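[1] next input, structure requested:
(one chain, ligands or ions: 1)
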Amino acid sequence: MISPGVAGRLAGRTAFITGAGGALGAAIAEAFAREGARALTLSDIRVEAVGDLAARLRRGGVEVTTPELDVTDGDAFDRAVRSAVEAFDGLDLLVNNAGAVSPNARIHNVTTDDFDRCVRINLTGTFHGVRAAARVMRDRGGSVINIASVAGLTAWPYAAPYGVAKAGIIHLTRVAALEYAKERIRINCVCPGAFPSAIHDGVPDGAMDVIEARHPFGLGKPQDLTGAVTYLASDEAAWTTGQAIVVDGGYSLP
Ligand SMILES: NC(=O)c1ccc[n+]([C@@H]2O[C@H](COP(=O)([O-])OP(=O)(O)OC[C@H]3O[C@@H](n4cnc5c(N)ncnc54)[C@H](O)[C@@H]3O)[C@@H](O)[C@H]2O)c1
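    Alright, predicted model coming up:
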């Protein structure tokens, strides 16, 4: 591991990651630490899911806090981000990674509650994160990375709430990027294809095989996404804002 805060593309940076207990959130945290980030706020609604990761990163010399945060609560999001700013003397990076899928169903069988819940976690949660970041980053700039999905760019049947929410994240990213360009806050998103994680726990038997077959490179791994996230977090992307970077093993090509 690179010494935290000394070398690497994120040397000395501080970052706040939501859903950090999940597969991609943890991989992003590890990648940021390898690139020299000095302090990480690893938040999740399941705070217990972050413990081992936090301990490992602390052993590597990174400062870590692990607040419990439900991204659907905008006030709590603001409080958690302000605490991170106070604890680590500023915030450079925020990754809106928390997400959840809706039950597999065609639209006539989707309940209003399931639709609302999916939009609240994925889209409203990301809105809360962009807003919280904008409120604290306006003085010295920063980078916000939203985790959308190829489901927000292509039509995935049986997942309308999720696809709509992810498409909303892509558009929110563009609007926010324009609103905060003058304050040097870059806001981008990554659109992953499918990779194994707990988010797929509820999918019907055989569905993952169908999804895998639609990816020319097969299913990805969380680590296949971290290069794009780290790039957007780094100064290499200093002139990049409002973009949706697709990393999907070729899923969206046909
Ligand atoms: N796995 C895939 O195939 C895939 C594909 C495209 C996009 N994504 C996106 O990647 C991101 C990470 O997903 P993952 O695959 O690592 O799934 P995951 O289930 O492993 O991780 C998601 C994390 O989000 C947390 N979370 C859920 N609801 C929350 C809430 N209300 N507040 C705070 N945290 C909450 C969960 O506790 C979990 O730790 C999500 O935004 C997901 O939509 C995943």
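[2] sec struct for residue 95, please.
    Following DSSP: H, G, I helix; E, B strand; the rest coil, residue 95 is assigned to strand.
[3] against residue 115, how distant is it?
    25 Å (CB to CB, to the nearest Å). Any C-beta I mention is one placed from the backbone N, CA and C, and that applies to glycine too.
[4] so for those two, which sits in the more crowded spot?
    The residue with more neighbours, out of residue 95 and residue 115 and counting by other CB atoms under 10 Å, is residue 95; that gives 27 against 17.
[5] what segments of this protein are strands?
    In the chain, the strands defined using DSSP state E lie at 14-17, 39-42, 63-65, 93-96, 142-147, 185-192, 244-247.
[6] okay if I get those strands as JSON lines plus distance to the ligand?
    Converted to JSON lines, the strands of the chain look like this (distance: least, CB to the nearest ligand atom, whole Å):
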{"stretch": "strand 14-17", "distance to the ligand": "10"}
{"stretch": "strand 39-42", "distance to the ligand": "10"}
{"stretch": "strand 63-65", "distance to the ligand": "15"}
{"stretch": "strand 93-96", "distance to the ligand": "8"}
{"stretch": "strand 142-147", "distance to the ligand": "4"}
{"stretch": "strand 185-192", "distance to the ligand": "4"}
{"stretch": "strand 244-247", "distance to the ligand": "9"}
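[7] would you reformat the ones you listed as a markdown table and include mean pLDDT?
    Converted to a markdown table, the strands of the chain look like this (pLDDT from 0 to 100):
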| stretch | mean pLDDT |
| --- | --- |
| strand 14-17 | 99 |
| strand 39-42 | 98 |
| strand 63-65 | 98 |
| strand 93-96 | 99 |
| strand 142-147 | 99 |
| strand 185-192 | 98 |
| strand 244-247 | 98 |
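[8] of the ones you listed, which is nearest residue 53?
    Closest to residue 53 of these is strand 39-42 (CB to CB; 6.5 Å).
[9] the residue nearest to residue 139 when sequence neighbours are not counted: neighbour count?
    With CB to CB, 6 or more residues apart in numbering as the measure, residue 183 is the residue that lies nearest to residue 139, at 7.9 Å, once sequence neighbours are left out. Residue 183 has 13 neighbours, counted by other CB under 10 Å.
[10] just the one 5 residues further on next, same as before
    When neighbours are defined as other CB under 10 Å, residue 188 has 25 of them.
[11] ok, it - contacts?
    Counting by CB atoms under 8 Å, 6 or more residues apart in numbering, residue 188 touches 143-146, 173, 177, 232, 237, 240-245.
[12] still on that earlier bit, what's the residue nearest to residue 139 sitting at in phi/psi?
    Per-residue torsions, residue 183: phi -90, psi 10 (degrees, to the nearest 10).
[13] who are the contact partners of it?
    By CB under 8 Å, 6+ apart, the neighbours of residue 183 are 134, 137-139, 141.
[14] nearest to the ligand among those residues?
    Lowest distance from the ligand to these (CB to the nearest ligand atom) belongs to residue 134, with 19.2 Å.
[15] now that closest one: how far from residue 28?
    To residue 28, residue 134 is 20 Å away according to CB to CB.
[16] looking at the two, which is more packed in?
    residue 28 (30 against 18).
[17] any idea of the pLDDT on the residue nearest to residue 139?
    Note for residue 183: predicted pLDDT of 98.
[18] and residue 14, what does it touch?
    Contact analysis of residue 14 by CB under 8 Å, 6+ apart lists 37-41, 84, 88-93.
[19] per-residue pLDDT, the residue in the stretch 51-200 of the chain that the ligand sits nearest to?
    With CB to the nearest ligand atom as the measure, residue 99 is the residue of the stretch 51-200 of the chain nearest to the ligand, at 2.3 Å. Looking at residue 99, its pLDDT reads 98.
[20] now swap in residue 233 and tell me
    We have a pLDDT of 98 for residue 233.
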